[in-house]
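1. please find the sequence and the predicted model below.
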Amino acid sequence: TVSAIRAKAESLGLTFVALPFSGAPTPEIVHQMQEILNGAPQPVLAYCRTGTRCITAWALTHAGQGAADEIVDAAADAGYDLSKIHHLL
């Protein structure tokens, strides 16, 4: 459960932030993810059941920064196909 994961993370001295969402990340979720990434101690571990929602939200936090190919390539290196959102990056 989220509470068990939070308790374990905090017992290890890690910061735990929950950002639950289902389906495609909305602009609000992307904004919240950006705020978390900017304010959290590094490195950040983001996870979901398959990783697809997390990597999509992460990629969209970089949208408009002129690095669409690099973002898609980084996702591919991790085993995710973000070619369908390339135009949004």
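-> Looks like it arrived, so ask away.

2. skipping adjacent residues, who's closest to Leu60 in space?
-> Distances taken as Cβ to Cβ, 6 or more residues apart in numbering place Val30 nearest to Leu60, at 4.5 Å, with adjacent residues excluded. To be clear about C-beta, it is placed using only N, CA and C from the backbone, and glycine gets the same treatment.

3. surely that neighbour and Thr56 touch.
-> No - Val30 is beyond contact range of Thr56, at 9.1 Å (criterion: Cβ atoms under 8 Å).

4. find the residues that touch each one of those two.
-> Common neighbours of Val30 and Thr56 are not found (criterion: Cβ atoms under 8 Å, 6 or more residues apart in numbering).

5. pLDDT of whichever strand or helix holds Ala75, averaged?
-> Assigned by DSSP states H and E, Ala75 belongs to helix 68-77. Regarding helix 68-77, the rounded mean pLDDT is 96.

6. buried residues, that helix. List them.
-> 68, 71-72, 74-75 (16 or more other Cβ atoms under 10 Å).
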